[in-house]
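Colleague: show me the folded form of this:
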Amino acid sequence: MIELSRAAYDDIVYHAYSGGEAEICGVLAGTHGDDGKPSVVAETYEAENVAETPEIRYLIDPEEQFELIEAVEDDGHDLVGFYHSHPTGPTHPSETDAARATWPGHSYVICALDGYPFVGSWRWRGDDAGFEQETVSVVSER
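Modeller: This is a model prediction of the structure:
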């Protein structure tokens, strides 16, 4: 399970809309849950999509990813995972998303914009185990 603060959820959706026909991407920060405990996303950190075909792919520059993860930790958060959008697609990971996933135990949130915005999440379990769908809840600030 993953909990998104209302602000984090809104940030993801607004960022997705701002991308137009291109996929957007970023980093999720908060408390990383494990052993049945939910991850809690308090903040999002936007990244630039440097993919050659941003209409159908996303890619965070490795140097920017490193800098964002350092910023997450400097702000006192854990890396919860990553997010990106599918402007015309579903909220489940594509074959390319699965092939490029490299952070076992972390969440990959996808915002679909085909119609009403919908946010789904999957936790990457590793190469052989693949993705496991997570329940997404949006919580008010505490």
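Colleague: show me what contacts the residue nearest to the spatial centre of the chain?
Modeller: For the chain, the residue nearest the mean C-alpha position is residue 83 (1.7 Å; Cα atoms, centre = their mean). Residues counted as contacts of residue 83 (Cβ atoms under 8 Å, 6 or more residues apart in numbering) are 12, 25-28, 44, 108-111. Heads up, the C-betas are built off the backbone N, CA and C, glycines and all.
Colleague: any of those residues buried? List them.
Modeller: 12, 25-28, 44, 108-111 (16 or more other Cβ atoms under 10 Å).
Colleague: make JSON lines out of those and add secondary structure.
Modeller: Below are those laid out as JSON lines (DSSP: H, G, I helix; E, B strand; the rest coil):
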{"residue": "12", "secondary structure": "helix"}
{"residue": "25", "secondary structure": "strand"}
{"residue": "26", "secondary structure": "strand"}
{"residue": "27", "secondary structure": "strand"}
{"residue": "28", "secondary structure": "strand"}
{"residue": "44", "secondary structure": "strand"}
{"residue": "108", "secondary structure": "strand"}
{"residue": "109", "secondary structure": "strand"}
{"residue": "110", "secondary structure": "strand"}
{"residue": "111", "secondary structure": "strand"}
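Colleague: closest to residue 70 out of these?
Modeller: The shortest approach to residue 70 among the buried ones among the contacts of residue 83 belongs to residue 27, at 10.6 Å (Cβ to Cβ).
Colleague: hey, what's the closest one bridged with?
Modeller: Under DSSP bridges, the beta-bridge partners of residue 27 are residue 45, residue 82.
Colleague: which SS class is residue 66?
Modeller: On the basis of three-state DSSP, residue 66 is classed as helix.
Colleague: check residue 30 too.
Modeller: strand.
Colleague: and if you look at residue 99?
Modeller: Residue 99 ends up helix, using three-state DSSP.
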